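Asks: Need coordinates for the below:
(2 chains)
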Amino acid sequence: MAPYLSISLNEPPLSAQADIKRLTTCSTKFLTEKKTNMYAFPTNKPVTVTSGGLPPILVFRLLSDEWLLVLSTKFTVISPSSPLSTSARAALVSAAYNRVDTDLLNQYPSLRCIVSSGAGVNHINLEECQRRGVQVANVGETHSINVADYAVGLLLDVMRRITMSDQYVRNGLWVTQGDYPLGSKLGGKRVGIVGLGSIGSAIAKRLKAFGCQISYLSRKPKPNVNYKFIPNIYDLATESNILVVSCSLTKETHHIINEQVLQALGKEGIIINIARGAHIDETELVQSLVKGEIRGAGLDVYENEPNIPKELIEMENVVLTPHQAVFTPESMGEVIQICIANFEAFFAGKPLVTPVVAD
Amino acid sequence: MDKIGVLVTHKPLPYLEQELTRRGCRLFRLWESPESCRLEFCRENSSEIRAIVGNSNFGADAATIDALPKLEIVASFSVGLDKVDLPKCKERGIRVTNTPDVLTDDVADLAIGLTISVMRRIPSADKYARSGAWKKGEYTLTTRFSGKRVGILGLGRIGLAIAKRAEAFDCPISYYSRSEKPHPNYTYYSTPVDLASNCDILVVACALTEETRHIVNRAVIDALGPKGVLINIGRGPHVDEPELVAALVEGRLGGAGLDVFENEPHVPEELFALDNVVLVPHVASATIETRTAMADLVLGNLEAHFLKKPLLTAVV
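Replies: Next comes the predicted model:
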């Protein structure tokens, strides 16, 4: 653990905050917009290229001064505009800003290791990297934990009406109107998890401790897993009281939650979405909630962020959060450490710590 | 059963009210009288009242018991019995039952729900999202729950259920209790201050007694500190409320999730402006499933008593 890295429990340093803001706003739009010039190195940040034998890494975009400070103690940080860039063997890319495609790999042919500072890898052409012998690493599960926690938090909030009853108290209504209406017990409920990757598994592990019965949908059954595999979404919805969406967004999973699935989930059903807005047909979801065809929802993501359908804003049986599940100061700190560990492993000729391979 | 007079101290679950009536009880609705008239109400009906169904707000205090010479049983619609004068009941030979186990899961669920809500600021984020402020900028980063050190005051049924859930989030567990328990995975601390000094989240999950009143006092709050979070799903009087409020307002305590308060339904208004607190109106057992199960226990205990069978969940 680097002693100088002091991200506190509550607030990241100011320099990191601005970049974290940018990262947060870009990360959702990235899936819908194609960026053209994504190789820009922020020219207002002076880069000191240190000599003295520290292994060089090509950094396309520094996420903050903190990153530069920490990386420079272990590596020689090179920007894309430097003449040394085309002989760099290792590079740090950012999920929100960089596309690792054939063009990039042609431009920097010496690269043998790419470390991406996020969890998703849909911005990296993994097959092409594999073909060229370029190893790829992401930051593993550090963000998954935050998302899993948030999914459980949203679910408990919807079932137990935490946000709504908190407002009830703050509006003085406990005094004037008496007890708040009863909520619904989580224990014993059947939870269907859509996608059992690192986020889905973390959610399942947590909900098991609350006494939930877990089933899941996945492209194929996962080995060594105690949960019931259900091969299609309609059956999963029919069998579950609660659906949690935690898969990656692809052509196949776009609007995976549609009108039929919501009908199958039924009047007592609750849906939690901490993945992508586009997983759910939002218009249908709103209608189902308005008509009372499902019981409630906890949503962190929407089809057209930061816009939220106004019908949802007026509902008491939903919890609505502004795409907050992923980031915490703790994971931001870990991300830098994990990137460093991967580079160090590469330079030492050892296997990467959090490698990603093409499926 | 013949028409047995039952004093119901609080507005009951409709199911409980219906069942009591259906099974032949005559209900005396104490909550309908203004507070100053309640003892009088008891005396007026004392020839009939043989049972009390109390709850966490109003159980059976000494004055009420004295006003009811025919009282045989207090069946509390709660697990906590701090509002029942147990020594007096023992002295008078009055049976006392509560509702353990059926509410353990819900209470533990709410403890974790409150913790995540406080740390990830879900209610505040929800308000932000609904207000339209999201269009102008992102909400702030919020602190992770998983892996944080959870300290539990009281390792009874509810404390253990909370520990089990927190373990699924990889939280190291520590506790304070009158004596050490055989749980090698959980770290024991012999004083609440020591526990508070060594955890990030302190959960109150013990019974309210003379000894545990204000167990969370200034010293414990100071030990928990500006990054610490207090979760209270016990009883309001477990916490020195004015000290808590001052610490939160002044930033000496990191946050709090509170289900109970010293003077319910009144909640200190200084807390209303704070983003790092979550305030819920004593809802830890407030699900339709659990309240129905609690009602069944109350009914089962009353029936057993009047049929001279063994009580289901007797404390006295």
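Asks: Please name the nearest non-neighbouring residue to A:Phe210.
Replies: Using C-beta to C-beta, 6 or more residues apart in numbering or on different chains and skipping residues adjacent in sequence, the residue nearest A:Phe210 is A:Leu186, 5.3 Å away. All C-beta atoms are positioned from the backbone trio N, CA, C, and that covers glycine.
Asks: Sorry, slip of the keys, the one I care about is B:Val102.
Replies: B:Val102 sits nearest to B:Ala293 (C-beta to C-beta, 6+ apart), 4.0 Å away.
Asks: is it true that the one you found touches B:Thr104?
Replies: No: the pair B:Ala293 / B:Thr104 is not scored as a contact, 10.7 Å apart, by C-beta atoms under 8 Å.
Asks: Tell me the residues of the stretch 251-359 of chain A that contact chain B?
Replies: A:305-308, A:313, A:319-322, A:324, A:327-332 (C-beta under 8 Å from any C-beta of the partner chain).
Asks: switch the cut-off to 10 Å
Replies: Residues of the stretch 251-359 of chain A lying close to chain B by C-beta under 10 Å from any C-beta of the partner chain are A:298-300, A:302, A:305-308, A:310, A:312-315, A:318-332, A:334.
Asks: Give me the buried entries from these.
Replies: Neighbour-count burial within these applies to A:298-300, A:302, A:305-306, A:308, A:312, A:315, A:318-332, A:334; the criterion is 16 or more other C-beta atoms under 10 Å in any protein chain shown.
Asks: picking up where we left off before, okay, B:Ala293 and B:Thr104: which has more neighbours?
Replies: When neighbours are counted by other C-beta atoms under 10 Å in any protein chain shown, B:Thr104 comes out ahead of the other of B:Ala293 and B:Thr104, with 20 against 17.
Asks: ok, so what distance separates the more buried one from B:Leu114?
Replies: If you measure B:Thr104 against B:Leu114 using C-beta to C-beta, to the nearest Å, the figure is 16 Å.
Asks: What residues are bridge-paired with the nearest residue to A:Ala204 once chain neighbours are set aside?
Replies: Across the structure, with C-beta to C-beta, 6+ apart as the measure, the residue nearest A:Ala204 apart from its sequence neighbours is A:Ile214 (4.8 Å). Here A:Ile214 sits in beta bridges with A:Val191, going by DSSP bridges.
Asks: can you check A:Leu299 too?
Replies: Those that pair with A:Leu299 in a beta bridge, by DSSP bridges, are A:Asn273, A:Leu320.
Asks: The residue in the stretch 201-350 of chain A that chain B sits nearest to: what's it in contact with?
Replies: Taking C-beta to the nearest C-beta, chain B has its nearest neighbour within the stretch 201-350 of chain A at A:Ala209, 3.6 Å off. Taking C-beta atoms under 10 Å, 6 or more residues apart in numbering or on different chains as the criterion, A:Ala209 is in contact with A:152, B:108, B:112, B:161, B:163-169.
Asks: which stretches of chain B form strands?
Replies: For chain B, strands defined by DSSP state E occupy the ranges B:4-8, B:25-29, B:49-54, B:73-76, B:95-97, B:150-153, B:173-176, B:187-189, B:201-204, B:229-232, B:255-258, B:277-279.
Asks: strand partners of the fourth one, parallel vs antiparallel please.
Replies: Same thing as strand B:73-76. Take DSSP bridges as the rule and strand B:73-76 pairs in its sheet with strand B:49-54 (parallel), strand B:95-97 (parallel).
Asks: near chain A, which residues of the stretch 201-316 of chain B show up?
Replies: Where proximity means C-beta under 10 Å from any C-beta, the interface of the stretch 201-316 of chain B facing chain A comprises B:226-228, B:254-255, B:257-259, B:261, B:264-267, B:269, B:271-274, B:276-293.
Asks: Now, these that are in helices?
Replies: Among those, the residues falling in helices (DSSP state H) are B:288-293.
Asks: Any stretches of chain A with poor pLDDT?
Replies: Scanning chain A for pLDDT under 70 picks out the ranges A:1-52, A:63, A:96, A:120, A:359.
Asks: Let's see that with 80 instead.
Replies: Low-confidence segments of chain A, defined by pLDDT under 80, span residues A:1-52, A:62-66, A:95-97, A:118-123, A:357-359.
Asks: all strands for it, in order.
Replies: Along chain A, counting by DSSP E, strands occupy A:56-59, A:76-78, A:90-93, A:113-116, A:135-137, A:190-194, A:213-217, A:228-229, A:242-245, A:270-273, A:296-299, A:318-320.
Asks: Redo the ones you listed as CSV? Include distance to B:Ile233.
Replies: Written out in CSV, the entries for the strands of chain A read as follows (distance: least, C-beta to C-beta, whole Å):
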stretch, distance to B:Ile233
strand A:56-59, 47
strand A:76-78, 49
strand A:90-93, 45
strand A:113-116, 41
strand A:135-137, 42
strand A:190-194, 23
strand A:213-217, 25
strand A:228-229, 32
strand A:242-245, 23
strand A:270-273, 23
strand A:296-299, 21
strand A:318-320, 20
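Asks: Indicate which one of those strands is closest to B:Arg157.
Replies: Shortest separation from B:Arg157 across the strands of chain A is recorded for strand A:213-217, at 22.1 Å, computed as C-beta to C-beta.
Asks: just checking, what packs against the closest one?
Replies: Using 3 or more C-beta pairs under 10 Å, 6 or more residues apart in numbering or on different chains; DSSP states H and E as the contact test, the elements touching strand A:213-217 are strand A:190-194, helix A:198-208, strand A:228-229, helix A:233-239, strand A:242-245.
Asks: Can you name every helix or strand that the longest one contacts?
Replies: In this structure, helix A:198-208 makes packing contacts with helix A:142-160, strand A:190-194, strand A:213-217, strand A:242-245, helix B:157-167, judged by 3+ C-beta pairs under 10 Å, 6+ apart.
Asks: now for the ones you listed, which one comes closest to A:Glu293?
Replies: Shortest distance between A:Glu293 and the helices and strands packed on helix A:198-208, using C-beta to C-beta, is found for strand A:242-245: 13.6 Å.
Asks: by contact count, what packs against the closest one?
Replies: helix A:142-160, strand A:190-194, helix A:198-208, strand A:213-217, helix A:233-239, helix A:259-265, strand A:270-273, strand A:296-299.
Asks: wait, which of those is closest to B:Gly54?
Replies: Distance to B:Gly54, taken as C-beta to C-beta, is lowest for helix A:142-160 among these, at 24.2 Å.
Asks: Is any residue of the closest one near chain B?
Replies: Yes: in this structure, helix A:142-160 sits against chain B according to C-beta under 10 Å from any C-beta; the contacting residues are A:142, A:144-146, A:148-157, A:159-160.
Asks: before we move on, the earlier item: from the contacts of A:Ala209, list the buried ones, please.
Replies: If we count by 16+ other C-beta under 10 Å, those have these buried: A:152, B:108, B:112, B:161, B:163, B:165-169.
Asks: Now render the residues you listed as JSON lines, adding distance to B:Asp194.
Replies: Formatted as JSON lines, the entries for the buried ones among the contacts of A:Ala209 read as follows, by distance: C-beta to C-beta, whole Å:
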{"residue": "A:Val152", "distance to B:Asp194": "30"}
{"residue": "B:Ala108", "distance to B:Asp194": "24"}
{"residue": "B:Ile112", "distance to B:Asp194": "23"}
{"residue": "B:Ala161", "distance to B:Asp194": "23"}
{"residue": "B:Ala163", "distance to B:Asp194": "18"}
{"residue": "B:Arg165", "distance to B:Asp194": "23"}
{"residue": "B:Ala166", "distance to B:Asp194": "19"}
{"residue": "B:Glu167", "distance to B:Asp194": "21"}
{"residue": "B:Ala168", "distance to B:Asp194": "26"}
{"residue": "B:Phe169", "distance to B:Asp194": "23"}
